[in-house]
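> Build the 3D model from these lines:
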Amino acid sequence: MTEPHLHATHPDLVKRLKRADGHLRHVIGMIEAGVPCAEIAVQLQAVEKAVSAAKRVLIHDHIDHCLGQGGDNSLAEVRALARLL
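I've put the predicted structure just below:
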């Protein structure tokens with residue numbers, strides 16, 4: 001079994017994603033309650049931004065701490081990660 005791959009930013013990312021998860025659950029409740037679509041769309045955009053911000057932090061952290069340690073795959077990995085931003 002491999003060792004866990006943890007960074008200093010991971011606990012904060014977990015908090016962010018749990019908050020986004022709670023927000024998304026609230027949005028689902030809004031849909032089920034028949035809240036107007038415009039209000040739901042605003043809240044969905046907030047959830048989307050929260051998840052995107054968490055993804056960006058994760059990718060930047062990976063680039064800062066995991067890449068550049070040598071190997072020919074580093075540039076290819078940076079290119080693949082850049083497509084996710």
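
> out of all of them, which helix in this protein is the longest?
Secondary structure of the chain read by DSSP state H shows that its longest helix is helix 37-65.

> what's the neighbour count on Leu17?
Neighbourhood size, Leu17 [other CB atoms under 10 Å]: 15. Just so you know, the C-beta spots here come from the backbone N, C-alpha and C atoms, and that holds for glycine as well.

> Look up the closest residue to it, ignoring the ones flanking it.
Spatial nearest neighbour of Leu17, excluding adjacent residues (CB to CB, 6 or more residues apart in numbering): Ala54 at 5.5 Å.

> The one you found against Lys15, yeah?
No - with contact defined as CB atoms under 8 Å, Ala54 and Lys15 do not form a contacting pair (9.5 Å).

> So these two - more neighbours on which side?
Between Ala54 and Lys15, counted using other CB under 10 Å, the more crowded position is Ala54 (19 against 11).

> Run through the residues that contact that one.
Ala54 sits next to 13, 16-17, 20 when contact means CB atoms under 8 Å, 6 or more residues apart in numbering.
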